[in-house]
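Undergrad: let's see this in three dimensions:
(4 chains)
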2 protein chains.
Amino acid sequence: MALRDALFRPVRAGNAFEETVERLVQAIRLGVVAPGERLPAERELAGRLGISRVTLREAIKSLQDNGYVESRRGRYGGTFVNAELPAAQPVGRISGEELADALTLRAVLETGAAECAAGRALGPGERRELGARLAECAQAGRADYRRKDSRLHLAIAEAAGSPSLTAAVADARMRVNELLDRIPLLPPNLAHSNEQHELVVSHILHGDADAARRAMAEHLDGTASLLRGFLA
Amino acid sequence: MALRDALFRPVRAGNAFEETVERLVQAIRLGVVAPGERLPAERELAGRLGISRVTLREAIKSLQDNGYVESRRGRYGGTFVNAELPAAQPVGRISGEELADALTLRAVLETGAAECAAGRALGPGERRELGARLAECAQAGRADYRRKDSRLHLAIAEAAGSPSLTAAVADARMRVNELLDRIPLLPPNLAHSNEQHELVVSHILHGDADAARRAMAEHLDGTASLLRGFLA
DNA sequence: GTCCAATGGCTCGCTGTCATACCTTTGGAG
DNA sequence: CTCCAAAGGTATGACAGCGAGCCATTGGAC
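TA: Residues are numbered from 1 along each chain as shown, chains lettered A, B, ... in the order given. This is a model prediction of the structure:
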């Protein structure tokens, strides 16, 4: 029975070091900590992540070796994200089932988030945030599009007001991004994507939950089709 | 910024022992391994969960001490789920934000799952499974309703065909069940719930994705309102 | 009746992870 | 100019978790 596979799946995805590296890379690649910005201080970050400072430092060392960050000592020092991020490591071949799994989960989470966000009374800060991310995404070039795009989608997830949902969207998005890194990013797709973003955000700001969901579903279908085509 | 809270959340929910206990209790409380049934053999289960046999045994020992399971040695032995499960431990007071978080995530995942399940071409085995769980749930008494109910909802999630989604639904459901254990289970609610189940399953079997989603949303709203009322 | 395969029960040494404490560097406050 | 707070860098001893191997028990196959 497949249900048992779901419940008896691995308790841990890896050791503490690996999971920490994963999380930090996620924060950087999803644009939550942008190039030039500083990570929280080691003592604070270790506390938030629930790991020891030793383990966190090992993870940071790994990010340094891979060109993600640089650390500076002294007061007002810290660990800063590099301006130029390393190219993503190509993942191995993936099966059609894995692809479908990742896309299904993403679709469920993100369409749900868009609907929830539209159904809530958003504060002025949240509305401004959505607008800012939308604009940033529209101005992004091919080099930083994925990051700005993720950042906008995360802003939408956050507007749904559920921290667990936000975290789940971040994870699902990271999974899909790893696949997207393997296919070309074409300017026409990019322009189309921006139009759809505007539509989604507009529906959310106007509080039209149904329309927001449908617009997000259509948007996600676009990249899903691309992925299915290229990775089939 | 709240996004950082989501990404810099704890890497691990607890130590390996605690997380393993959690997972096993989940399998039992959600009815995936029913009373009288046997857990996989220790060597196999440890492999599936990605932990050492030593740690798994500690977790099983904890379940024994709490009256969840009993172990028998020898060939055809194993660890069996007890006929009578212990009462759920009441959790501490929870905030309105935590409640909303859990309910939002559940709603997103389960309505999405219902929609996906309806949109797929289900095999005969899956259709039979849905029918069987539905019937089982309708016949359940107050003592085992929560377990049979969860089992049906998991069957729906599984019918969506995404293992990650199934796992996410199981986690979300476990969270909500812990809250539901604190409020009374009234026969009228139970009957109403069964009617809604029939509707949801019927829409899924007929392939009406939109109707399935709406029926599931309405169903979930019912318990959500109860929870908000009792825990407010 | 004997055997044996499958299961839970147990032990030992190794490695990863932790908490804690202390050292070094840096740049602004005074 | 001096001081010092805040940051990264380092060291140590304790403990959790692991892999591997072996033991003890059981009930069916032969």
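Undergrad: over to A:Gly92: give its phi and psi.
TA: Backbone geometry at A:Gly92, expressed as degrees, to the nearest 10, gives phi -70, psi 180.
Undergrad: how close does it get to DNA strand C?
TA: The gap separating A:Gly92 from DNA strand C is 23 Å, by C-beta to the nearest atom of the strand, to the nearest Å. For the C-beta atoms, the positions are set from N, CA and C on the backbone; glycine is no exception.
Undergrad: before we move on, what about A:Val200?
TA: Distance, A:Val200 to DNA strand C, using C-beta to the nearest atom of the strand: 39 Å.
Undergrad: buried stuff in the helix or strand hosting that residue?
TA: Using DSSP states H and E, A:Val200 sits within helix A:187-205. By neighbour count on 16 or more other C-beta atoms under 10 Å in any protein chain shown, the buried set for helix A:187-205 is A:Leu190, A:Ser193, A:Asn194, A:Gln196, A:His197, A:Leu199, A:Val200, A:Val201, A:Ser202, A:His203, A:Ile204, A:Leu205.
Undergrad: out of those, who's nearest A:Ala159?
TA: In terms of C-beta to C-beta, no member of those lies closer to A:Ala159 than A:Ile204, at 6.7 Å.
Undergrad: touching, that closest one and A:Ala157? I think so.
TA: No. Using C-beta atoms under 8 Å, A:Ile204 is not in contact with A:Ala157, being 11.2 Å away.
Undergrad: mutual contacts of these two, please.
TA: By C-beta atoms under 8 Å, 6 or more residues apart in numbering or on different chains, A:Ile204 and A:Ala157 have these common neighbours: A:Ala117.
Undergrad: picking up where we left off before, who are the packing partners of the helix holding A:Val200?
TA: Here helix A:187-205 touches helix A:96-119, helix A:124-139, helix A:145-159, helix A:209-231, going by 3 or more C-beta pairs under 8 Å, 6 or more residues apart in numbering or on different chains; DSSP states H and E.
Undergrad: just send those back as a markdown table, with distance to DNA strand D and mean pLDDT too.
TA: Supplementary listing: the helices and strands packed on helix A:187-205 in a markdown table, determined by distance: least, C-beta to the nearest atom of the strand, whole Å; pLDDT from 0 to 100:
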| stretch | distance to DNA strand D | mean pLDDT |
| --- | --- | --- |
| helix A:96-119 | 24 | 97 |
| helix A:124-139 | 25 | 97 |
| helix A:145-159 | 22 | 97 |
| helix A:209-231 | 32 | 95 |
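Undergrad: Serialize the ones you listed to CSV and add fields for mean neighbour count.
TA: Below are the helices and strands packed on helix A:187-205 laid out as CSV (neighbours: other C-beta atoms under 10 Å in any protein chain shown):
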stretch, mean neighbour count
helix A:96-119, 23
helix A:124-139, 16
helix A:145-159, 23
helix A:209-231, 17
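Undergrad: can you lay out those helices as TSV showing distance to DNA strand C?
TA: Formatted as TSV, the helices and strands packed on helix A:187-205 follow (distance: least, C-beta to the nearest atom of the strand, whole Å):
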stretch	distance to DNA strand C
helix A:96-119	25
helix A:124-139	28
helix A:145-159	26
helix A:209-231	32
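Undergrad: kindly report the domain assignment for chain A.
TA: Following automatic domain parsing, one gets these domains for chain A: A:16-81, A:96-231.
Undergrad: need these in a markdown table with distance to B:Ala232, can you?
TA: Formatted as a markdown table, these follow (distance: least, C-beta to C-beta, whole Å):
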| stretch | distance to B:Ala232 |
| --- | --- |
| domain A:16-81 | 30 |
| domain A:96-231 | 17 |
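Undergrad: mind listing what the residue lying closest to A:Ala211 once chain neighbours are set aside touches?
TA: In space, A:Ala211 comes closest to A:His203 once its chain neighbours are excluded; the distance is 4.2 Å by C-beta to C-beta, 6 or more residues apart in numbering or on different chains. By C-beta under 8 Å, 6+ apart, the contact list for A:His203 reads A:Ala114, A:Ala118, A:Ala211, A:Ala212, A:Ala215.
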